[in-house]
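> okay, here's the prediction I keep looking at, along with the sequence it came from:
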Amino acid sequence: MRTMSSDERRIKQERTTVQTEAFMARANSQLRATLHQVLKTRKKLLLDVSGLSREERANVEWIMGGNLLQSADDRPSTGYPNSVQRPLGRLIEDWVTFYDHDAALAEKYADKTQLIQDRLRLNKDIYYQCQSQSESNSAPHLTDAFENMGFEANPRPYMYDVHDSADNIIFEVPKGGGKPKIKAATLDKLVERLTHENEVDLNTRYVFLLTYHSFTTPGELLRKLERRYNLPVPPNMTPAEIAIFKQNKLDRIQIRVCSVLKNWIEEHWSDFSDNAELKSQLQALIEKMLETSASPLSLQLAKALRHLIKKKEQKHAPSYTRSAQFPKSLYTRGGVENGQPHKSSSGKRLEQMSEAEIDKCMETLLDDCHPLELARQLTLMDFDKFRQITPRECLNQGWSKKDKQQRAPNIVFMIEQFEKISGWVQSEILKHTDINKRAAMFKKFIIVAKHCREINNYNALFSIFCALSANAVHRLKRTKELISSRHLAVFEEFRELFKGDKNSKNLRTALAHSLTPLIPHLGLFLTDLTFTEDGNKDTYRGLINFDKRSKLAERIRWIKQYQQEEFRFARVPLVQRYLEKNLRIVDADTLWKQSRKVEPKLP
């Protein structure tokens, strides 16, 4: 038999606590309703004895209000444990003693006595059911709560019943005025605000789901949402109060929880697809929702969540279809149009070519391929990874940590891709000992960079610009003398675009005026994130600094807008294979030595 892990035991215990507290709250409410009925009957009885003399009435009130408990032998048997016998037994004894005092009244209200006895007997059964529930769920820590059931407040208050205070949530009014925003809060208070019964703050929800990885885990968040969904009825409520509570609070909160889960699944499915255990817990929670939903609407939403998960689990084909029209490939050794597989000059498809034939094509591919096609294929490679960057990769500067491959795999790939493109460009220029070929290659990469800007791949554009500006290439004065002033002017435009003064104003302006699809310069984005992370503490007065998360979310939102629309270019398998083979990081010293070799320093 498999032994449960510590996490599994903790999760089971938490679920047991939720279920048991909810059961106890329902029992308490029924008991309070019973006592309420008893008190109403006693009040009516006192009114009915108004015909008695003042002395007789005072005697009756003294009997009913005094402490009538005697020794254990004299106490009427109620069938309750001693821990709860005193308050319940006292009610019974009040009635018994009063009836003994006046036999006529006792006879008149005999039916009321039977009613009260029945109700107390009902609650005795409830008590033992609670006790049995506690023992079967192995939750002895709740025993004290059961001992005082129905007569004292629950000693384990529900986590979302804590009133707002400076110890758990801090609000801040924006400088321009308006609705106060959360500046800092505990995790429980943030979850409460996400699912508040009277307020729907979509911006807070958006910020929370984008950044929660920086202050909690997906598993912890799911457990807190489950606990919020299973909101127990407060103890000692009458049936009418329970109905109002369910209608005005519980139903609404369950609907809000479903809504948060929907946003989480839709916008951040990778949290579940990358974590089989978490996905299993989510599915179990939804199945439980289907069984226990308090309202038809929450039941409908739970069904929608189950359908949404099934939809997400299905493998989707690429978003373009066979009928989509792609620009014609400009690779001169064979076209790819409308998504059709590439064929070589021999008429063979790539998968039909031998390795020798592929290698032969590779030797001249850079010369044969149009600069625009190179820009397109570089863009497709970049976008494949750029669109996979998730919000959690953007938090806590994960791309710079020792375990960066686990924290931010797609950002790390983009950084390495940037360096590979730069190394490839420099290597292709410097491998030519012939100055004319070297100049021609320099010119070709200026044109490739120009096309990258035209199709809005600012990341590859900056990588090529950095390569052409690197020391090993920048020093090739005789080579650059052979390049036309028109092409050098284009290169100078890039220099102006990427000027770092005024917080990269020129680049930010260009990005703001460009249409999607677009790949921004990732370094600019990471710089903004680093500035926000370093300039704001994770906590504020011991609480989660939610204002910092709002600033991070603003930058993450900026990057997400560019992930939505893909580039509609046909893939050229042979060009893609060439790039995968030749893009590599090259040591700066190696490039410098090669530069000195092909163009020695003038005496």
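Received the coordinates, thanks. Treat the numbers as computed from the prediction; the structure is a model and nothing was measured. Numbers count the residues shown, from 1 in each chain.

> could you pull out the strands for the stretch 501-603 of the chain?
539-540, 543-545 (DSSP state E, counting those that start in this stretch).

> would TSV of those strands with distance to Ser5 and mean neighbour count be doable?
In short, each C-beta sits where N, CA and C put it, glycine included. Converted to TSV, the strands of the stretch 501-603 of the chain look like this (distance: least, Cβ to Cβ, whole Å; neighbours: other Cβ atoms under 10 Å):
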stretch	distance to Ser5	mean neighbour count
strand 539-540	30	14
strand 543-545	28	22
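
> who wins for proximity to Lys437 among these?
The minimum distance between Lys437 and the strands of the stretch 501-603 of the chain falls on strand 543-545, with 56.8 Å, by Cβ to Cβ.

> which residues are in contact with the closest one?
With contact meaning Cβ atoms under 8 Å, 6 or more residues apart in numbering, strand 543-545 is reached by 168-170, 183-187, 190, 215, 536-539.

> hang on, the earlier thing: would you reformat the strands of the stretch 501-603 of the chain as JSON lines and include mean pLDDT?
Below are these laid out as JSON lines (pLDDT from 0 to 100):
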{"stretch": "strand 539-540", "mean pLDDT": "95"}
{"stretch": "strand 543-545", "mean pLDDT": "97"}
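
> looking at those, which is nearest to Leu231?
Here strand 543-545 is closest among these (Cβ to Cβ), at 22.2 Å.

> tell me the strands beside that closest one, with direction?
Sheet pairing for strand 543-545, assigned by DSSP bridges, gives strand 181-185 (antiparallel), strand 539-540 (antiparallel).

> and of the ones you listed, who's closest to Lys360?
Nearest of those to Lys360, taken as Cβ to Cβ: strand 539-540 at 61.7 Å.

> one step back: which of the contacts of strand 543-545 sit farthest apart?
Asn168 and Asn536 (20.3 Å).

> pick out whichever of these two has more residues nearby.
Using other Cβ atoms under 10 Å, the more surrounded residue of Asn168 and Asn536 is Asn168, with 18 against 15.

> about what we covered before: Throw the strands paired with strand 543-545 into JSON lines and include distance to Thr292, thanks.
Shown next, in JSON lines, are the strands paired with strand 543-545 (distance: least, Cβ to Cβ, whole Å):
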{"stretch": "strand 181-185", "distance to Thr292": "28"}
{"stretch": "strand 539-540", "distance to Thr292": "36"}
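
> need the winner for burial among those strands.
strand 181-185 (a mean of 21; mean count of other Cβ atoms under 10 Å).

> name the surrounding residues that touch that one.
Contacts of strand 181-185 (Cβ under 8 Å, 6+ apart): 168-174, 190, 193, 204, 539-541, 543-547, 550.

> at 7 Å instead, please
In this structure, residues lying in contact with strand 181-185 by Cβ atoms under 7 Å, 6 or more residues apart in numbering are 168-172, 174, 193, 204, 540-541, 543-547.

> after it comes which helix or strand?
helix 187-194 (DSSP states H and E).

> packing partners for that following helix?
Secondary-structure packing of helix 187-194 (3 or more Cβ pairs under 7 Å, 6 or more residues apart in numbering; DSSP states H and E): helix 202-211, helix 218-229.

> at 6 Å instead, please
helix 202-211 (3 or more Cβ pairs under 6 Å, 6 or more residues apart in numbering; DSSP states H and E).

> helices of the stretch 251-400 of the chain, residue ranges please.
Using DSSP state H, counting those that start in this stretch, the helices assigned to the stretch 251-400 of the chain run over residues 251-267, 270-273, 276-292, 296-313, 355-368, 371-386.
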